[in-house]
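[1] A predicted structure for the sequence below; I have some questions about it.
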Amino acid sequence: MRDRALQDCRAFVTGASSGIGEAIARAFAQAGALVLVNYRSDREGAERVVEEINTCGGSAIAIQGDMSISEDCSRLFDAAANQFGGLDVVVANAGIQRDAPFTELTLDDWRMVIDVNLTGQFLCAQEAVRRFRKQGLRPDRSPALGKIIFTNSVHQTIPWSGHASYAAAKGGLKLLMETMAQELAAEKIRVNAIAPGAIKTAINKKAWETEAAREKLLKLIPYGRIGEPEDVAKAAVWLASDDSDYVVGTTLFVDGGMVLYPAFREGG
């Protein structure tokens, strides 16, 4: 991939105060992008990310907003227009988990996960498409009118006992992405997704922080290591760049082979 593949690209990354979102924001800045770092509640984390990006010669700003609230979406896109003059790439990354056995999962927790992981992605993407259309195609900037990248999960494919709300949201996000891509490709809006597997982030720390947990997790990963947020970020840079201009409606799995049913390596 080209150095500075996102030079002067204007990017908006939701849920970017930590974890995968933070890594994507940092990688975008290193590739030359101007980055809007969105956070819902972790102001300190977002400001730390922005400060470190700017100290290293990048360009970023932090803006608070809950992407599951339509008014917040509009306000954030207005801020991007005011700060950067528009947007070229939107990474809909914000997500949460509220896990419980199926019959113990509360309606409030179900709704919260669906609101953030699916409805919030829908609202963010819908507003992005409206803004891309208003901006108009700029062939001097990119062959694409705009690019949307969803952070999905291997659980768009793999059922996950005890995580019904999360798996349902991610399965819905898969078809949302593909339907958008089908509908919008003729307008030169590229819609794709990244589906991480086991990545070392705070949300799943219990799954890798001890040796016993790590060994159990590694049985699910044919490649033999747990992923880092930077593994996902590198894929996001490529999907956001014009190097991937012919990639539309694709989910790029960054999972060390987790979706290859590793239990069947010895014949099941």
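    Perfect, I can see it now. Numbers count the residues shown, from 1 in each chain.

[2] from now on I want contacts and neighbour counts done on CA atoms only, so please keep to that.
    Will do.

[3] how about the closest residue to residue 15 other than its chain neighbours, secondary structure?
    Excluding its sequence neighbours, the residue lying closest to residue 15 (C-alpha to C-alpha, 6 or more residues apart in numbering) is residue 94, at 4.1 Å. The assignment at residue 94 comes out as coil when based on DSSP: H, G, I helix; E, B strand; the rest coil.

[4] list the contacts of residue 94.
    14, 15, 16, 21, 67, 116, 117, 120, 121, 151 (C-alpha atoms under 8 Å, 6 or more residues apart in numbering).

[5] for it, give me the pLDDT.
    Residue 94 carries a pLDDT value of 89.

[6] contacts for the lengthiest helix in the chain?
    Counting by DSSP state H, the longest helix found in the chain is helix 164-184. By C-alpha under 8 Å, 6+ apart, the surrounding residues in contact with helix 164-184 are 96-99, 102, 110, 113-114, 117-118, 121-122, 150, 152-153, 155-160, 189-193, 248-250.

[7] can you give me the strands in the stretch 151-268 of the chain?
    For the stretch 151-268 of the chain, the strands defined by DSSP state E, counting those that start in this stretch occupy 189-196, 251-254.

[8] please identify which of those is closest to residue 51.
    Nearest of these to residue 51, taken as C-alpha to C-alpha: strand 189-196 at 26.6 Å.

[9] now the closest one: average pLDDT?
    For strand 189-196, mean pLDDT is 98.

[10] next one: it to chain centre, how far?
    Centre-to-centre, strand 189-196 and its host chain are 8 Å apart (C-alpha atoms, centre = their mean, to the nearest Å).

[11] please apply the same query to stretch 181-198.
    With C-alpha atoms, centre = their mean, you get 12 Å for stretch 181-198.

[12] what does stretch 26-36 give?
    On C-alpha atoms, centre = their mean, the centre of stretch 26-36 falls 14 Å from the chain's centre.

[13] how close does the residue nearest to residue 15 sit to residue 215?
    Separation of residue 94 from residue 215 (C-alpha to C-alpha, to the nearest Å): 28 Å.

[14] what of residue 131?
    Relative to residue 215, residue 131 is positioned 46 Å away (criterion: C-alpha to C-alpha).

[15] higher neighbour count, the two?
    Neighbour tally, residue 131 and residue 215, criterion other C-alpha atoms under 10 Å: the higher count belongs to residue 131, 20 against 14.

[16] what sits up against the helix-or-strand element of the chain with minimal mean pLDDT?
    Within the chain, no helix or strand scores below helix 211-218, which has a mean of 91 by mean pLDDT, DSSP states H and E. With contacts defined as C-alpha under 8 Å, 6+ apart, helix 211-218 is touched by 206, 207, 208, 224, 225, 226.
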